[in-house]
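**Student:** Dropping the sequence and predicted coords here.
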Amino acid sequence: MPNSHGNSPIIIIGMHRSGTSMVTRMLESLGLFVGARKDDNHEALFFRRINEWLMSLSGATWDYPAASLDLLNDSQLCKVIGDYLKRFIKFPYTFDYLGFPELFRRRTLESLEGPWGWKDPRNTFTLQFWLDIFPSAKVINIHRHGMDVASSLMTRHRKCLSLIQSEAYKRRFFLRSLLRPSGRFTPVSVRCSTVEGAFSLWEEYMTQALNLTGRLNSDCLDIQYESFLEDPGKYLKELAVFCNLKCNDMLLHRLAEKIDSTRAWAYKSGPLAAKLIDERKDRLAMWGY
């Protein structure tokens, strides 16, 4: 097991479409290393692939994550998985995260100079495995109003549905199928095609995040998306201190100016907002909304 007093990571958790990408981009601008290779959502490909593998061991996926919790009830299997993870985070497997220059300079994640970490909403369900590897890791949990998350997920689903009907996508899909049978259309999610499906998924992530962060105390920073947008300067400074990032007030101010505060409470502008909120007011109240 890596030295718990080494350069431990910052692990960012939280439901999809909750502002995790925005906060991660801000942190990277402040000096947090979040990976040499990232996808469009600012997720380090190295850790995302491992998280997908971890969830697949129980048949779980990002939009049906509950089964992944069954792994934690099997202590023998968890030990085996932990042994695999310890191999995955060693040279040369980490080239995708470190990049080749850093790979040969540092060789290990904990020998990185300066704060480092990664963002992936799947961390919400795989965090215990990572804490077993990095017991001194710090966790940032980001959450957003459930109706805004549900609306964003449904919008993404519709865009993806349109994408997979395009001829260009079909050509790529069948080309990949020559090498191996292709799976589901990612990130198309049947569950996120309806308000209730997307909303209940948000509830699952919120519940799991609460179960985790309630045990972490000072090693966890909880960020509400709406509060961040209303006072980005305050929260950027708090994040910088928490992550041990050395930055000046001018940089914090410049980044804060880029934040679009109108994105908070976006659901209120929807034509069915009042009805949808009223139907779920008790469930929202459980999370302070």
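**Tutor:** Nice, I can see it. Numbering: from 1, shown residues only.
**Student:** quick one: low-confidence parts of the protein?
**Tutor:** 1-6, 102-104, 106-107, 179-187, 217, 271-272 (pLDDT under 70).
**Student:** Going along the chain, name the strands of it.
**Tutor:** 10-13, 117-119, 138-143, 220-224 (DSSP state E).
**Student:** for these, which one ends up most surrounded?
**Tutor:** strand 117-119 (a mean of 27; mean count of other Cβ atoms under 10 Å). C-beta: built from backbone N, CA, C; applies to glycine.
**Student:** Adjacent strands (with direction) for it?
**Tutor:** Paired neighbours of strand 117-119 in the sheet (DSSP bridges): strand 10-13 (parallel).
**Student:** CA atoms only for the strand it pairs with, dumped as CSV, please.
**Tutor:** Listed next in CSV are the C-alpha coordinates belonging to strand 10-13 (Å, rounded to 0.1, in the frame of the first residue of the first chain):
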residue,chain,number,x,y,z
ILE,A,10,-7.7,15.0,-4.4
ILE,A,11,-10.7,12.8,-5.4
ILE,A,12,-13.7,14.7,-6.9
ILE,A,13,-17.1,13.0,-6.5
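**Student:** how far does it sit from the chain's center?
**Tutor:** Centroid separation for strand 10-13 versus its chain: 7 Å, with Cα atoms, centre = their mean, to the nearest Å.
**Student:** cool, stretch 101-119 as well?
**Tutor:** 20 Å.
**Student:** Now the terminal residues of that stretch, how far apart.
**Tutor:** 22 Å (Cα to Cα, to the nearest Å).
**Student:** Out of the strands of the chain, the one nearest residue 207 is which?
**Tutor:** strand 138-143 (11.3 Å; Cβ to Cβ).
**Student:** Which neighbouring elements make contact with that closest one?
**Tutor:** strand 10-13, helix 20-29, helix 195-213, strand 220-224, helix 225-230, helix 232-242 (3 or more Cβ pairs under 8 Å, 6 or more residues apart in numbering; DSSP states H and E).
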